[in-house]
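Novice: need the 3D shape of this:
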Amino acid sequence: MNLLALPAFADNYIWMLHDGRLAAVVDPGDDAPVQEALDRLGLELAAILVTHHHADHVGGVDALRARLRGPVYGPAREAIPEPFQGVRDGDEIALAGTRWRVLEVPGHTAGHIAYVQQDTATQPLLFCGDTLFSAGCGRLFEGTAAQMQASLARLAALPDDTRVCCTHEYTLANLRFAAAVEPGNAERAAYEQRCRAWREAGRPTLPSSLGLEKAVNPFLRCTVPEVVASARAQGAASAAALDVFATLREWKNRFR
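Specialist: Here you go, the predicted structure:
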């Protein structure tokens, strides 16, 4: 399967998987980039996968239905443009000969889901919407800090070589925050240099990998002493991982 990141809006990515004949797209907030890619590559749209209900993830769904030859999958507990096939934690779906498992990862929204590739013969692939970003995580619009931390822990438990396909090009901004939280992290500094070079060359910083995220993402490093100390300096009630996480998330909300 070929993986493409289709830029949309100011900083979104619509992910497309295709085998040269059939394609699936993830979180099509805008139909135009998908239409262009389908036409350019001569592909048939076989499925649409949605991670959550926000407009920049579902806004293009209805406009793509005329070309769709399969289902729209989306979180069963959220209002996705109808008709769609609601999926829940543990459900499996098939896409062009590949198998995917649904993970419920609430926090950014109440019913947010992710899709992880199940085939053991290929490098794992994760479509995580706005739950996990490279060097960051989503805002808590509908869920709690405890929910988001638990959701991130579920994702972090996947194999380290899992490719992380999130849906926004926030990496450099997130890395600036990560530098404030953990200035002594040399791997984070090296990653920021690579990301700057990629963006200057017009390349996306994504997909990332879970192994890399566990090394550079402060929201996955809430027990690391330097991260704990930074959170305590920002008012964290204790060194407990949840207090650290909640403080980091609030700090990131106001960070400039």
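Novice: Asp130 contacts His168, doesn't it?
Specialist: Yes. Using Cβ atoms under 8 Å, Asp130 is in contact with His168, at 6.9 Å. Heads up, the C-betas are built off the backbone N, CA and C, glycines and all.
Novice: so for the two, which residue has more residues nearby?
Specialist: A count of neighbours by other Cβ atoms under 10 Å puts Asp130 above the other of Asp130 and His168, at 25 against 20.
Novice: phi, psi for the residue nearest to that one when sequence neighbours are not counted please.
Specialist: With sequence-adjacent residues excluded and distances taken as Cβ to Cβ, 6 or more residues apart in numbering, Asp130 is closest to Gly138, at 3.9 Å. Here the main-chain torsion angles of Gly138 (degrees, to the nearest 10) amount to phi -70, psi 160.
Novice: residue contacts, Gly138?
Specialist: For Gly138, the contact set (Cβ atoms under 8 Å, 6 or more residues apart in numbering) comprises Gly107, His108, Gly129, Asp130, Thr131, Leu132, Met148.
Novice: what do you get if the cut-off is 6 Å, keeping everything else the same?
Specialist: Neighbouring residues of Gly138 by Cβ atoms under 6 Å, 6 or more residues apart in numbering: His108, Asp130, Thr131.
Novice: check Thr162 too.
Specialist: Pro124, Leu126, Leu210.
Novice: before we move on, what about Lys214?
Specialist: Counting by Cβ under 6 Å, 6+ apart, Lys214 touches Leu220.
Novice: pretty sure it is in a helix, no?
Specialist: Yes. Counting by DSSP: H, G, I helix; E, B strand; the rest coil, one finds Lys214 located in a helix.
Novice: can you read off the pLDDT for it?
Specialist: Lys214 is assigned 98 on the pLDDT scale.
Novice: next one: Gly97
Specialist: Reading off the model, Gly97 has pLDDT 79.
Novice: and the gap between it and Thr162?
Specialist: Applying Cβ to Cβ, to the nearest Å, the value for Gly97 to Thr162 is 19 Å.
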